[in-house]
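Dropping a prediction and its sequence here:
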Amino acid sequence: MKLSYLRNGESLALDPERCRGCRQCIEVCPHAVFAMDDGRSSIRDRGACMECGACARNCASGAITVRAGVGCAAAIIGGMLRGTEASCGGSGSACCGSSSAGRS
Amino acid sequence: MTGEKTGFGGVRAQLLAPAEVDRSRKPWIDGAVRVNGRVVPRISTRLSRRDAWGAVKVRWNIGRDSYAVLPGLYAVGAPSPDSPVLVSANYKLSFDTLRRSLAGMDAWILVLDTKGINVWCAAGKGIFGTEELRRRIEAVRLAEVVSHRGLVLPQLGAPGVSAPQVKKAAGWTVVYGPVRAEDIRAWFAAGRRKTDEMRAVRFRLADRMAVAPVELVQAWPILLAAAAGSLLMALPFTSGFGTRLMGTLVPLLGGVLAAVFAFPALLPWLPFRAFALKGAVLGLVWGVASSLAAGVIAGITVARGAGLTLVVMSLSAFITMNFTGSSTFTSQTGAALEVRRGLLPMAACLLLGVGLTTASRLLAL
């Protein structure tokens, strides 16, 4: 079953002119957002994008941009309380570690 | 010395017997490998009962902040300089999952210092990142151990690591393997090609339930407040105290338990996309059902039931909103929207509910 969420993929942008068709974005995307279209990558399923930033960081030609961040309410509340960017707390790590089911 | 293996490059990697290794080290180190004059600890691919118990504990948030292994280079099987290098985080649950998946394989494992945090979360923060990878390659002098310049990273490390930068800055070629360690052998067997399935993050029922207990442990202040509130509502200690106590406690505690365990189970079927709204719906259903039951059994009034339902809805919405951090598909944009729009209504709902419940007690409504 495909799970969907609010505002997913809103900040994801791909410049087809700069894409060299290396398929790296397809390799790193955990939600199959991209597909090859005539030798170039294209955004196939924007709504599945959780804006993790893996594609943009690994695109050698800089064709992809996305506003990456952690989709964690506790981190966002923590950021509001500390007056900083949303990030998981340092020592009290609220979420991290809990969401590693079967991952390496 | 128990065995010897000739590397493909003609370099010998020697297997050392456990007795030749410092046994004061971790129990999952079952020997060592000597290669090019270096001694690299060898790890077991079998998990002990202690490893399994450790995994159960961290799922319940016990000792989770210090469940780490020492960063560095490890060997699996009898690796040669040509064997692949797999990169991992130093969260022991991640590390255990990886080594269990490598039974029968010969490989090197490069453990990064991710402060005891799993690959995906650490990559999201950039701790499992380009810089740490470069530093760790230098620190263990990886180039002296292997003859190639390739690294296999878990796919979920990609948000933190830039493969083009690692290539440019350090000269190593990063290949992203499957999301789950259990697919690694199949991935190698298929010539290092991923199927769509290996590339996809899942959030199946079992995945969702595995991360639920942590939420319960983290909800302890709420549980405590619910218990204290129920006690106050049930005072004085006259006849019928127990019934009065249960009339408040069961709806409240049940609501928290529903938010922690029923929510992840029902996630795909609950209406709305915002987790807080899904949680509020769940709270509404439980609140009404349990209030009706408490009305019949413990004789609570309509005002009391409505008050308790409002409290349960707000608590449930808050707990389930925080489940975004354990989920695998929520964006920061959406989660931020949910927090900004949700906190005030939740607080209002809670105050109204507590007020109504208290009034129902004091004014005997």
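Thanks, I have the structure now.

Going by C-alpha atoms from here, please, whenever you check contacts or count neighbours.
Fine.

mean confidence for stretch B:349-360?
For stretch B:349-360, the mean pLDDT works out to 96.

What are the boundaries of the strands in the chain?
The chain I'm using is chain A. Remark: strands assigned in chain A by DSSP state E are A:13-14, A:34-37, A:40-43, A:64-65.

Chain B, not that one
With DSSP E as the criterion, chain B has strands spanning B:3-6, B:12-16, B:29-35, B:38-43, B:72-76, B:85-88, B:107-111, B:150-153, B:173-176.

need the strands of chain A in JSON lines with mean neighbour count, can you?
Listed next are these as JSON lines, based on neighbours: other CA atoms under 10 Å in any protein chain shown:
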{"stretch": "strand A:13-14", "mean neighbour count": "17"}
{"stretch": "strand A:34-37", "mean neighbour count": "16"}
{"stretch": "strand A:40-43", "mean neighbour count": "19"}
{"stretch": "strand A:64-65", "mean neighbour count": "20"}
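
Serialize the ones you listed to TSV and add fields for distance to chain B and mean pLDDT.
Formatted as TSV, those follow (distance: least, CA to the nearest CA, whole Å; pLDDT from 0 to 100):
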stretch	distance to chain B	mean pLDDT
strand A:13-14	15	97
strand A:34-37	11	95
strand A:40-43	16	97
strand A:64-65	13	98
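
Switch those over to JSON lines; also include distance to B:Met246.
Output for the strands of chain A, formatted as JSON lines (distance: least, CA to CA, whole Å):
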{"stretch": "strand A:13-14", "distance to B:Met246": "54"}
{"stretch": "strand A:34-37", "distance to B:Met246": "53"}
{"stretch": "strand A:40-43", "distance to B:Met246": "54"}
{"stretch": "strand A:64-65", "distance to B:Met246": "54"}
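
so what's B:Ile61 closest to, chain neighbours aside?
If you look again at residue B:61, you'll see it is Asn, not Ile. B:Val214 (5.4 Å; CA to CA, 6 or more residues apart in numbering or on different chains).

And the residue nearest the centre of chain A?
A:Cys52 (2.1 Å; CA atoms, centre = their mean).

residues in contact with it?
A:68-70, B:124, B:159, B:331 (CA atoms under 8 Å, 6 or more residues apart in numbering or on different chains).

Kindly indicate which of those residues lies nearest A:Arg46.
Nearest to A:Arg46, judged by CA to CA, of the contacts of A:Cys52 is B:Ser331 at 11.6 Å.

what's around the closest residue to chain A within the stretch 151-300 of chain B, how many residues?
In the stretch 151-300 of chain B, no residue comes nearer to chain A than B:Pro159, which is 3.7 Å away by CA to the nearest CA. Using other CA atoms under 10 Å in any protein chain shown, B:Pro159 has 29 other residues around it.

From the chain's centroid, how far away is stretch A:39-59?
Its chain's C-alpha centre lies 7 Å from the corresponding centre of stretch A:39-59 when counted by CA atoms, centre = their mean, to the nearest Å.

before we move on, back to that, TSV for the strands of chain B, including mean neighbour count?
Listed next are the strands of chain B as TSV, based on neighbours: other CA under 10 Å:
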stretch	mean neighbour count
strand B:3-6	13
strand B:12-16	22
strand B:29-35	22
strand B:38-43	20
strand B:72-76	24
strand B:85-88	25
strand B:107-111	24
strand B:150-153	20
strand B:173-176	20
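
Longest helix in the chain, by number of residues?
Since you didn't name a chain, this refers to chain A. Secondary structure of chain A per DSSP state H: the longest helix is helix A:73-82.

looking at chain B here, not the other one
The helix that spans the most residues within chain B, counting by DSSP H, is helix B:332-362.

buried set for it?
For helix B:332-362, the neighbour count (16 or more other CA atoms under 10 Å in any protein chain shown) marks B:332-336, B:338-339, B:342-343, B:346, B:349-358, B:360-361 as buried.

helices and strands around it, which ones?
Contact analysis of helix B:332-362 by 3 or more CA pairs under 8 Å, 6 or more residues apart in numbering or on different chains; DSSP states H and E lists helix A:73-82, helix B:275-297, helix B:302-321 as its packing neighbours.

for the closest residue in space to B:Arg193 that isn't next to it in sequence, what are its contacts?
Spatially, and ignoring its direct neighbours in sequence, B:Arg193 is nearest to B:Trp187 (5.8 Å; CA to CA, 6+ apart). Going by CA under 8 Å, 6+ apart, B:Trp187 touches B:177-178, B:193-194.

shaky segments in chain B?
B:1-25 (pLDDT under 70).

so what's A:Gly21 up against?
A:Gly21 neighbours (CA under 8 Å, 6+ apart): A:36, A:39-41.

which residue ranges form the helices in the stretch 1-150 of chain B?
For the stretch 1-150 of chain B, the helices defined by DSSP state H, counting those that start in this stretch occupy B:49-59, B:92-100, B:119-125, B:130-139, B:142-145.

which sections of chain A are below the confidence cut-off?
Filtered on pLDDT under 70, chain A yields the residue ranges A:1, A:87-104.

Show me the residue at the heart of chain B, geometrically.
B:Val211 (6.0 Å).

That one contacts B:Gly325, correct?
No: B:Val211 is beyond contact range of B:Gly325, at 10.1 Å (criterion: CA atoms under 8 Å).

Bridged to B:Arg38, which residues?
For B:Arg38, the beta-bridge partners are B:Val35 (DSSP bridges).

Just want to check the distance between it and B:Gly72.
According to CA to CA, to the nearest Å, B:Arg38 and B:Gly72 sit 13 Å apart.

Ok, B:Val285 next?
B:Val285 is 51 Å from B:Gly72, by CA to CA.

Over to B:Pro271?
Taken as CA to CA, the span from B:Pro271 to B:Gly72 is 46 Å.

And B:Ala258, by the same measure?
From B:Ala258 to B:Gly72 the distance is 42 Å (CA to CA).

Compare the helices of the stretch 1-150 of chain B and give me the one nearest chain A.
Among the helices of the stretch 1-150 of chain B, helix B:92-100 comes nearest to chain A, with 4.7 Å by CA to the nearest CA.

For residue 48, list the residues it contacts.
Because you didn't say which chain, this covers chain A. A:Ala48 sits next to A:3-5, A:8-9, A:31-33, B:329 when contact means CA under 8 Å, 6+ apart.

Actually, chain B is the one I wanted.
Taking CA under 8 Å, 6+ apart as the test, what B:Ser48 contacts is B:Trp28.

Could you find the closest non-adjacent residue to A:Arg57?
Closest to A:Arg57 by CA to CA, 6+ apart is B:Ser162, at 5.2 Å.

correct me, but the one you found touches A:Gly53?
No: counting by CA under 8 Å, B:Ser162 does not reach A:Gly53; the two are 10.3 Å apart.
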